[in-house]
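Engineer: A predicted structure for the sequence below; I have some questions about it.
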Amino acid sequence: MYPGFLRLILYALFAYIVYTVIRAFQKLGRKSHSPHQAKKNAGKMVKDEVCSTYLPQEDAIKEIREGKEFFFCSKECRQKFLESKK
């Protein structure tokens, strides 16, 4: 009776360790995606000055000209804007 009880305790401990490891890996997977999703959902939308595309401000390329902020979706749009201001 005593060895059977000890074996039951060891199986329960093993099951708990396996459960804890699985949960840890699941949390790691969720944490790697959460900041990215929060970033996409949060923030202010801004308009590209060249192609009129709206995008999150944190993803935009920012240019400050004469004290005013301008936002662009790509380096190409920013370059077109700078060339038109020359």
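Structural biologist: The structure has been received and is ready for your questions. Residues are numbered from 1 along each chain as shown.
Engineer: got the contact list for stretch 61-76?
Structural biologist: Outside stretch 61-76, the residues that touch it by Cβ atoms under 8 Å, 6 or more residues apart in numbering are 46-51, 53, 55, 57, 60, 77-78, 81-82, 85. Where you see a C-beta, it was placed from the backbone N, CA and C, and this is true even at glycine.
Engineer: now, which of the residues you listed lie within strands?
Structural biologist: Mapping those onto strands (DSSP state E) picks out 46-47, 55.
Engineer: how does the protein divide up, domain by domain?
Structural biologist: 1-42, 45-84 (automatic domain parsing).
Engineer: Point out the most buried one among those domains.
Structural biologist: Looking across those with neighbours counted as mean count of other Cβ atoms under 10 Å, the highest average goes to domain 45-84: a mean of 14.
Engineer: Okay, Val50 and Ile64: tell me how far apart.
Structural biologist: According to Cβ to Cβ, to the nearest Å, Val50 and Ile64 sit 16 Å apart.
Engineer: Same question for Leu10.
Structural biologist: For Leu10, the distance to Ile64 equals 66 Å [Cβ to Cβ].
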